[in-house]
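K.L.:
Quick one: sequence and predicted model below, then my questions.
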Amino acid sequence: MAERHPTRSNAPPDRARAAPRIAEPVDDNPGTCSVPRGGGWRPGARWAQDKGAPLAASDTLPAHQRPTMRELGRRSEAAAPVFRNVRSDDGVGGGSVMPVPPLWGARPTIVIARAGQREVVTAACPLAFDLGLSVGMAAAHARALVSDLDVLDADPAADVAWLARLALHAARHWTPTAAVSGRDGLWLDLTGASHLFGGEERFAARLLGFLKRLGFSARVAIAGTPGAAHALARYGGRDVRVLPEGREGEALAPLPLAALRLTPEALAAAARFGIERVADLYPMPRGPLARRLGRAAVERLDQARGFVPEPIVPVVPFDVPRAERGLLEPIGTAEAIELVIADLLTDLVAMLERDGLGLRSAVLTCERVDAAKQVVSVGTARATRDATHLLRLFRLRIDRIEPGLGIEAMTLAAPAVERLAPVALGVPFDSEARAPDLAPLVDQLAGRAGADALFRLRAIESDVPERAIGRAGPLAKPAGWPNWPRPVRMLDRPEALSGVVALLPDHPPRRFAWRGRSYAVVAGDGPERIHGEWWRRPGEMWAVRDYFRVEAESGERFWLFRRGDAITGNTGDLSWYMHGVFG
């Protein structure tokens with residue numbers, strides 16, 4: 001925003017209005033300071049007649065009319081602080097934001113679109129608004145008012161596409177219910193989600209900061225109904241407005257009638273009857289109001305005040321493949337349920353094949369006559385579109401479905417899918433048989449014993465034995481196994497040994513007792529020293545384990561360790577533990 005400042009005139013002041021002269025002592029050496037010791041105007045002012053200045057006259061003026069010391073020639077006055085009132089980036093706290101001057105050489109910009117036989121302004125930058133341009137103005141009128149105007153063509157399709165991308169981002173990061181509101185806004189359902197961001201006001205500040213970083217200005221209104229939030233965001237006059245619950249009617253009353261999203265015909269009819277504000281509609285009977293403005297106007301008013309619900313159709317980040325069947329008569333037998341599942345799988349596999357996807361998990365929902373739901377799910381170790389294999393998996397779960405009085409609808413959805421490309425079936429030239437596919441067998445075993453019953457071991461980069469092994473999928477091919485000798489069976493937690501007889505510091509034990517049984521050692525190998533991982537916790541900074549492989553008289557081979565190196569006391573208490581069994 002441009003601001004005019006008063007300019008200093010070089011003409012001498014009016015002597016008729018000047019204050020009476022005051023005698024001042026003469027400065028012996030005026031060159032030592034630009035301001036004489038006796039006070040008065042700075043030597044060198046073009047219109048200064050002598051050293052006498054109207055200081056006494058300025059002291060008699062009110063505080064708000066006195067000239068500043070800088071205007072009086074006092075160069076020692078401190079300048080106003082520049083960064084004192086700067087607000088933080090997220091818009092929370094701090095003082096008032098200092099006005100940002102327009103960029104040097106920036107041109108006012110407007111966006112125009114054709115409406116009938118003329119072009120109208122659909123958007124404008126802040127600089128264009130300051131020059132008197134407005135949305136809805138004819139483009140020819142705008143060009144006549146501002147000569148160096150930058151005019152761009154509107155692209156409504158690109159605007160809607162950008163809003164759809166922003167709604168998808170909101171659905172993934174802020175709230176699961178987000179929808180596009182018209183051509184210039186979004187609807188976000190914050191029910192049960194605002195507390196994750198510190199409340200509604202802090203979420204609004206965070207949203208404004210996010211859009212500011214993208215280069216957009218916005219207004220945020222939070223209300224109990226979508227219609228009230230839409231009206232307050234566009235006509236409320238504030239950047240952030242959080243409306244308490246149940247006060248929609250009071251907040252909408254002073255707004256113009258266009259805030260209710262009425263049609264142009266309804267707005268024109270309201271102008272003929274002298275209806276300008278939303279509050280003018282409150283005392284009017286519904287019947288005459290519907291005849292004058294239409295039933296849609298009454299519905300918009302009730303939706304904004306919360307008397308009629310207004311559903312929001314949210315954007316869906318991922319369209320889950322789904323097949324449904326509504327049954328003419330309720331079913332309750334296993335054979336009938338299997339037949340319906342087979343039909344659902346046929347439809348679902350066709351959808352997956354069309355999209356080039358493979359199923360990893362499927363969820364079957366059965367709706368009973370009494371409105372209860374029975375949910376059964378299956379999973380696969382590898383993405384597949386084999387309907388026969390999937391039906392075999394569901395056949396193992398049919399006994400878990402309780403039909404009750406009967407099932408009247410069934411839905412099969414695939415919430416987890418993967419890209420499934422065609423696989424070339426190679427034909428070997430020699431007599432060597434191909435390796436069988438274990439995925440169907442793994443799926444059937446998992447269907448009987450549970451999804452967590454089948455797994456493989458994988459190596460984890462760690463020196464501590466209990467941290468160096470983890471679970472992997474049953475069809476995974478782990479790699480990177482170390483060459484260190486490790487037992488086939490390891491205990492979840494090392495178990496303490498008793499009655500240990502050993503020669504310190506580097507010899508294996510000669511005798512020990514474990515789980516109520518004594519063992520005599522006939523052979524041993526070690527030690528293998530393993531240090532603690534000090535970067536995990538401070539207690540492992542000096543921790544040491546000395547592992548030994550020993551063989552008992554009865555033939556068992558064990559893997560045990562001693563805490564400490566038997567030299568330094570802070571490495572361990574020299575206690576012995578069993579950690580694994582060979583063979």
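P.N.:
Thanks, I have it.
K.L.:
Domains in this structure, by residue range?
P.N.:
In terms of domains, the chain is parsed into 35-74, 88-152, 157-305, 322-419, 489-582 (source: automatic domain parsing).
K.L.:
In TSV, list the ones you listed along with mean pLDDT, distance to residue 436 and mean neighbour count.
P.N.:
Just so you know, the C-beta spots here come from the backbone N, C-alpha and C atoms, and that holds for glycine as well. Below are the domains of the chain laid out as TSV (pLDDT from 0 to 100; distance: least, C-beta to C-beta, whole Å; neighbours: other C-beta atoms under 10 Å):
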stretch	mean pLDDT	distance to residue 436	mean neighbour count
domain 35-74	50	92	13
domain 88-152	76	59	14
domain 157-305	90	41	16
domain 322-419	91	13	16
domain 489-582	92	28	15
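K.L.:
Minimum distance to residue 464: which of these has it?
P.N.:
Nearest of the domains of the chain to residue 464, taken as C-beta to C-beta: domain 489-582 at 6.2 Å.
K.L.:
Off-centre distance for that closest one?
P.N.:
Here the centre of domain 489-582 is set off from its chain's centre by 49 Å, with C-alpha atoms, centre = their mean, to the nearest Å.
K.L.:
From start to finish, how long is it in a straight line?
P.N.:
7 Å (C-alpha to C-alpha, to the nearest Å).
K.L.:
Grab the nearest non-local neighbour of residue 344.
P.N.:
Leaving aside its sequence neighbours, residue 344 sits nearest to residue 412 (C-beta to C-beta, 6 or more residues apart in numbering; 4.0 Å).
K.L.:
same deal with residue 324?
P.N.:
Among residues not flanking residue 324 along the chain, residue 411 sits closest, at 4.8 Å (C-beta to C-beta, 6+ apart).
K.L.:
so which of the domains of the chain gets nearest residue 483?
P.N.:
Nearest to residue 483, of the domains of the chain and by C-beta to C-beta, is domain 489-582 at 12.5 Å.
K.L.:
who does the residue nearest to residue 344 bridge with?
P.N.:
As for beta bridges, residue 412 partners with residue 323, residue 364 under DSSP bridges.
K.L.:
Check residue 256 too.
P.N.:
In this entry, residue 256 is beta-bridged to residue 277, by DSSP bridges.
K.L.:
Residue 278 versus that one, what's the distance?
P.N.:
8 Å (C-beta to C-beta, to the nearest Å).
K.L.:
centroid residue for the chain?
P.N.:
Nearest to the geometric centre of the chain sits residue 173, at 2.6 Å (C-alpha atoms, centre = their mean).
K.L.:
tell me what the longest strand seen in the chain is packed against?
P.N.:
Ordering each strand of the chain by length in residues (DSSP state E) puts strand 517-531 first. Here strand 517-531 touches strand 509-514, strand 544-552, strand 557-563, going by 3 or more C-beta pairs under 8 Å, 6 or more residues apart in numbering; DSSP states H and E.
K.L.:
Find the nearest non-adjacent residue to residue 260, please.
P.N.:
Closest residue to residue 260 apart from its sequence neighbours, by C-beta to C-beta, 6+ apart: residue 300 at 4.5 Å.
K.L.:
Next, that neighbour: secondary structure please.
P.N.:
Following DSSP: H, G, I helix; E, B strand; the rest coil, the label given to residue 300 is helix.
K.L.:
Spit out the contact partners of it.
P.N.:
227, 260-262 (C-beta atoms under 8 Å, 6 or more residues apart in numbering).
K.L.:
can you give me the helices in the stretch 301-450 of the chain?
P.N.:
Per DSSP state H, counting those that start in this stretch, the stretch 301-450 of the chain carries helices over the ranges 334-355, 387-395, 439-449.
K.L.:
so residue 563 makes contact with residue 540?
P.N.:
No - here residue 563 does not reach residue 540: they are 11.7 Å apart, not a contact under C-beta atoms under 8 Å.
K.L.:
so how far is stretch 326-344 off the chain centroid?
P.N.:
42 Å.
K.L.:
I would like the residues contacting that stretch, please.
P.N.:
Contact partners of stretch 326-344, identified using C-beta under 8 Å, 6+ apart, comprise 323-325, 364, 366, 368-369, 387, 391, 394-395, 398-399, 401, 403-412.
K.L.:
what about the closest residue to residue 355 other than its chain neighbours, neighbour count?
P.N.:
Distance criterion C-beta to C-beta, 6+ apart; nearest residue to residue 355, sequence neighbours excluded, is residue 321 at 7.4 Å. Residue 321: 21 surrounding residues under other C-beta atoms under 10 Å.
K.L.:
Would you confirm that residue 321 contacts residue 350?
P.N.:
No - look at residue 321 against residue 350 with C-beta under 8 Å: they stay out of range, at 9.7 Å.
K.L.:
can you tell me the helix or strand for residue 581?
P.N.:
In this assignment (DSSP states H and E), residue 581 forms part of strand 576-582.
K.L.:
so that strand versus strand 544-552, what angle?
P.N.:
On the basis of axes from the mean of the first three to the mean of the last three C-alpha atoms, to 10 degrees, strand 576-582 is oriented at 50 degrees to strand 544-552.
K.L.:
For the stretch 351-500 of the chain, just list every one of the strands.
P.N.:
With DSSP state E, counting those that start in this stretch as the criterion, the stretch 351-500 of the chain has strands at 357-368, 373-384, 407-419, 456-459, 469-472, 489-496, 498-502.
K.L.:
got CSV for those, with distance to residue 116 too?
P.N.:
Formatted as CSV, the strands of the stretch 351-500 of the chain follow (distance: least, C-beta to C-beta, whole Å):
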stretch, distance to residue 116
strand 357-368, 47
strand 373-384, 53
strand 407-419, 47
strand 456-459, 68
strand 469-472, 66
strand 489-496, 78
strand 498-502, 96
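K.L.:
Tell me which of those lies nearest to residue 215.
P.N.:
strand 407-419 (34.8 Å).
K.L.:
tell me what the closest one is packed against?
P.N.:
Strand 407-419 sits against strand 322-331, helix 334-355, strand 357-368, strand 373-384, with contacts defined as 3+ C-beta pairs under 8 Å, 6+ apart.
K.L.:
For residue 246, which of these is the nearest?
P.N.:
Closest approach to residue 246 among the helices and strands packed on strand 407-419 is made by strand 373-384 (34.4 Å; C-beta to C-beta).
K.L.:
Can I get that closest one in PDB, CA atoms only?
P.N.:
Only the C-alpha atoms of strand 373-384 are listed here, as PDB (Å, rounded to 0.1, in the frame of the first residue of the first chain):
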ATOM      1  CA  LYS A 373     -22.300 -57.500  10.000                       C
ATOM      2  CA  GLN A 374     -19.900 -60.500   9.700                       C
ATOM      3  CA  VAL A 375     -16.400 -59.700   8.500                       C
ATOM      4  CA  VAL A 376     -13.900 -62.300   7.200                       C
ATOM      5  CA  SER A 377     -10.500 -61.500   5.700                       C
ATOM      6  CA  VAL A 378      -7.800 -63.500   3.900                       C
ATOM      7  CA  GLY A 379      -4.300 -62.600   2.800                       C
ATOM      8  CA  THR A 380      -1.800 -63.800   0.300                       C
ATOM      9  CA  ALA A 381       2.000 -64.100   0.400                       C
ATOM     10  CA  ARG A 382       2.300 -62.800  -3.100                       C
ATOM     11  CA  ALA A 383       0.000 -60.700  -5.300                       C
ATOM     12  CA  THR A 384      -2.400 -62.900  -7.200                       C
END
